[in-house]
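Student: Just a sequence and a predicted model for now, questions to come.
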Amino acid sequence: MADAAAAPSGPAFRAADLRVTAILYILTTLSMATVGVIVPFMGVISTRIGASPAQLGLAISLFSLPSALLAMMGGALIDRIGVRRSLALAGVVAVLGDLVLVNAPALWGIHMGLLLAGVAFAGISVAAPAAMVEMMEGPARVRAMSFWSTYAPTGYALGLLMAVPFGADVAWQGAVLVHLAIIGAATLLVPLLPARTAASGTVARRGSPFALLADPAIVRLAIAVALPNAISYGVSLVAPSYLARVHDVGLALSSGTVAAAKIAAMMLGGVLIGHLLARNLSFRRLYVGLALGGIAAQLLLFHPATPFAVAALALLAWLFAFGGMAGAAMAQLPVLIRDPANTGLASGLVGQFISLASFAAPPVYFGLVDWHAYWAIALVGLLVAIVVLPRAPVRD
C-alpha cells in the first residue's frame with residue numbers, strides 16, 4: 001500500500017474544465033453563504049420574531065440537518081437522475097428557501113427557510129464533486145477538487161460580506177434578497193455544464209447505498225475530511241466574538257478580519273495545494289504537515305497572550321492549513337472509488353460525514369469559553385484525522 005498517485009494521467013486544464021470548476025464552485029459557495037447571511041442578524045431576528053438566541057442557534061443547525069441525514073441517500077439519487085438535473089433542482093430549492101426566510105412571520109418560518117436552504121446545500125455539495133469526477137480527469141480534476149473543497153469557509157465569509165451593506169435593523173431581509181438573486185442567477189449557469197459525461201454510459205448499481213460503509217478507505221477518507229471541516233466551522237462561528245472580547249477590538253473589525261482571512265486563505269490554499277498534488281507531491285505527507293501546522297496556528301489564534309495582529313495571521317495560517325488538508329483529501333476521492341457508477345454515492349457518504357460533524361460543531365463551540373478547550377478540540381480532532389487518513393492502493 002502507498003499513497004494515491006497525485007497526478008494521474010490525463011489532459012491539462014482546458015477551458016471546459018475551467019468552466020465546470022467555476023460553475024460548481026460558485027453554486028456551492030453561494031449555497032453555503034446562506035448561513036453567513038443570517039448569522040450577523042441573529043440578534044435583530046430574535047427581537048423581531050420573539051425567539052431566544054438558543055432557538056435561533058437551533059435554526060442554524062437545521063441548515064446542516066438534511067446533509068447529516070440524507071447526503072448518502074441523495075448521492076444514490078444523483079447517480080440515477082444525473083448531476084445537471086440535481087444541481088438545477090437544488091438551485092430552485094435554494095431560491096425557495098430564501099423566499100421563505102424573507103417572508104418568515106415567526107420562528108417556524110426561519111426554521112423552514114433554513115431547512116430548505118439545507119436541502120439545497122445537501123444536493124449541491126454532493127452533486128458538485130460527483131460532477132467533477134464524471135466531467136474531468138487527470139491533473140485538471142485534482143486541481144479542481146482541491147480548489148472546490150474550500151467552499152465552506154469561503155461561502156460563509158461571502159455571506160458575511162453580503163450582509164455588510166444591510167447593517168440597519170430594518171434591512172436584514174435585503175441581504176437575503178441579494179443572496180436569492182445571485183444564487184438564482186448562478187443556477188441558470190447549470191445548462192452550461194457538459195450534457196454528457198465520462199460516466200454517462202455507466203449503469204448505476206441498484207444495491208444498498210449503505211454498502212459503501214463496508215469500504216474502509218472511503219469511510220476513513222470521510223472522517224479525515226469531516227473532522228477538519230467541523231473544526232473550521234466551529235472556529236468560524238466563535239472567532240469574531242472571541243477575538244473582539246479577548247483583544248478588546250470592535251466586533252466589526254474582528255468579523256472583517258475573519259471574513260477577509262477566509263477568502264484569501266481558502267482560495268490561495270486550494271489553488272496552491274491542487275498545483276502541488278498535480279506535480280506528484282505525496283498527499284499524505286502534505287496532509288500531515290498541514291495538520292501539524294494547523295494545530296500550532298490554533299494555539300496562537302486562541303492564546304490570550306497573542307497580540308491581535310499575530311492572532312489574525314494565525315487565523316490566516318489555520319485557514320490555509322485547513323484548505324490544504326481538505327483539498328489534499330478530497331482530491332483522493334476519485335482514486336478510492338472502485339466503481340464509477342457509485343460516484344454520487346461515495347460523494348454523498350463524504351458529505352454526510354462532513355455534515356454530521358458540522359451539525360455537532362455549533363453547540364460544542366458555543367458551549368465553550370476557555371481558550372484551552374478550543375485548542376484541545378483542534379489538537380485531538382486533527383490528530384485523529386491524521387491517524388485515520390487512508391492509503392490508496394497503488395495503480396498500475
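Tutor: Alright, I've got the coordinates. Numbering: from 1, shown residues only.
Student: State the mean pLDDT of the host helix or strand of residue 376.
Tutor: In the assignment (DSSP states H and E), residue 376 maps to helix 371-388. Average pLDDT, helix 371-388: 93.
Student: What is it packed up against?
Tutor: Helices and strands touching helix 371-388, by 3 or more CB pairs under 8 Å, 6 or more residues apart in numbering; DSSP states H and E, are helix 216-247, helix 283-302, helix 343-366. Every C-beta, even on glycine, is put in place using the N, C-alpha and C of the backbone.
Student: ok now the longest one, how far from the chain's centre?
Tutor: Put plainly, it is helix 216-247. 10 Å (CA atoms, centre = their mean, to the nearest Å).
Student: One more: the shortest one?
Tutor: Counting by CA atoms, centre = their mean, helix 283-302 is centred 18 Å from the centre of its parent chain.
Student: got the buried residues for that helix?
Tutor: Within helix 283-302, the residues scored as buried using 16 or more other CB atoms under 10 Å are 283-284, 286-288, 290-291, 293-295, 297-302.
Student: With only the CA atoms kept, save it in CSV.
Tutor: In CSV, the C-alpha atoms belonging to helix 283-302 read as follows (Å, rounded to 0.1, in the frame of the first residue of the first chain):
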residue,chain,number,x,y,z
PHE,A,283,-0.8,13.8,-0.5
ARG,A,284,-0.3,12.0,2.8
ARG,A,285,2.9,13.9,3.8
LEU,A,286,1.2,17.1,2.7
TYR,A,287,-1.9,16.4,4.8
VAL,A,288,0.1,15.5,7.9
GLY,A,289,2.4,18.6,7.6
LEU,A,290,-0.6,20.9,7.2
ALA,A,291,-2.5,19.3,10.1
LEU,A,292,0.5,19.8,12.5
GLY,A,293,0.8,23.4,11.2
GLY,A,294,-2.9,23.9,11.9
ILE,A,295,-2.5,22.7,15.5
ALA,A,296,0.3,25.3,16.0
ALA,A,297,-1.8,28.0,14.3
GLN,A,298,-4.8,27.4,16.5
LEU,A,299,-2.6,27.6,19.6
LEU,A,300,-1.5,31.1,18.6
LEU,A,301,-5.0,32.0,17.5
PHE,A,302,-6.7,31.3,20.8
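Student: Which SSE is immediately downstream of it?
Tutor: helix 308-330.
Student: Return stretch 310-319 as CSV; C-alpha atoms alone will do.
Tutor: Extracted C-alpha coordinates of stretch 310-319, given in CSV (Å, rounded to 0.1, in the frame of the first residue of the first chain):
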residue,chain,number,x,y,z
VAL,A,310,-0.4,37.8,15.3
ALA,A,311,-3.7,36.1,16.1
ALA,A,312,-5.0,37.4,12.7
LEU,A,313,-2.0,35.9,11.0
ALA,A,314,-2.5,32.7,12.9
LEU,A,315,-6.1,32.6,11.7
LEU,A,316,-4.9,33.0,8.1
ALA,A,317,-2.4,30.2,8.7
TRP,A,318,-5.1,27.9,10.1
LEU,A,319,-7.4,28.6,7.2
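Student: Quick check: buried residues in it?
Tutor: Of the residues in stretch 310-319, 311, 312, 313, 314, 315, 316, 317, 318, 319 count as buried by neighbour count, 16+ other CB under 10 Å.
Student: ok, of those, which one's closest to residue 188?
Tutor: residue 319 (30.7 Å; CB to CB).
Student: any idea how far that closest one lies from residue 171?
Tutor: According to CB to CB, to the nearest Å, residue 319 stands 29 Å off from residue 171.
Student: Does residue 348 touch residue 66 like I think?
Tutor: No. With contact defined as CB atoms under 8 Å, residue 348 does not count as touching residue 66 (11.6 Å).
Student: neighbour-wise, which of the two wins?
Tutor: A direct count of neighbours by other CB atoms under 10 Å for residue 348 and residue 66 places residue 348 higher, at 32 against 21.
Student: which residue sits closest to the more buried one, ignoring its sequence neighbours?
Tutor: Using CB to CB, 6 or more residues apart in numbering and skipping residues adjacent in sequence, the residue nearest residue 348 is residue 75, 2.1 Å away.
Student: For that neighbour, which residues are in contact?
Tutor: The contact partners of residue 75, by CB atoms under 8 Å, 6 or more residues apart in numbering, come to 126, 130, 209, 344, 345, 346, 347, 348, 349, 351.
Student: residues near the fifth one, how many?
Tutor: To tie it back to what came earlier, the one meant is residue 345. Using other CB under 10 Å, residue 345 is surrounded by 30 other residues.
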